[in-house]
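Novice: No sequence on hand, only this structure:
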């Protein structure tokens, strides 16, 4: 799995969740204290959030981080498990 694929799935789900919440990129940026262009970069899969940013976004969207990550994981599709 590539980071590009993860970023694309994250961005796709972020945009869908933000729109479902009825928020613009600007409104989400204000709630998270992030810049609107950063939100845009995340949604387009051009940037990856830190863990702290993920939690801030999920809090602003009223979505548990584990649920958000689970949905992104579904979008990524099956992954190969490495043998320990």
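Specialist: Noted; the coordinates are in hand. Bear in mind the structure is a predicted one, so any value in this text is a computation, not a measurement. Numbers count the residues shown, from 1 in each chain.
Novice: for the helix or strand hosting residue 55, packing partners?
Specialist: Per DSSP states H and E: residue 55 is located in helix 51-61. In terms of contacts (3 or more C-beta pairs under 8 Å, 6 or more residues apart in numbering; DSSP states H and E), helix 51-61 is packed against helix 3-20, helix 25-32, helix 65-76. C-beta: built from backbone N, CA, C; applies to glycine.
Novice: Between helix 51-61 and the second one, find me the angle.
Specialist: Between helix 25-32 and helix 51-61, the angle comes out at 110 degrees (axes from the mean of the first three to the mean of the last three C-alpha atoms, to 10 degrees).
Novice: again with the longest one
Specialist: Relative orientation of helix 3-20 with respect to helix 51-61: 20 degrees, computed using the same axes, to 10 degrees.
Novice: Provide the contact partners of the helix holding residue 55 at residue level.
Specialist: For helix 51-61, contacts defined as C-beta atoms under 8 Å, 6 or more residues apart in numbering pick out 14, 17-18, 21, 23, 28, 31-34, 42, 49, 64-65, 68-69.
Novice: Select, from the residues you listed, the two members most distant in space.
Specialist: Spatially, the most separated pair among those is 33 and 69, at 21.4 Å (C-beta to C-beta).
Novice: out of these two, which sits in the busier spot?
Specialist: Set residue 33 next to residue 69 and count neighbours by other C-beta atoms under 10 Å: residue 69 wins out with 15 against 8.
Novice: Now do the closest residue to the more buried one other than its chain neighbours against residue 78, distance only.
Specialist: Nearest non-adjacent residue to residue 69, counting by C-beta to C-beta, 6 or more residues apart in numbering: residue 54, 7.7 Å away. Distance of residue 54 to residue 78, computed by C-beta to C-beta, to the nearest Å: 23 Å.
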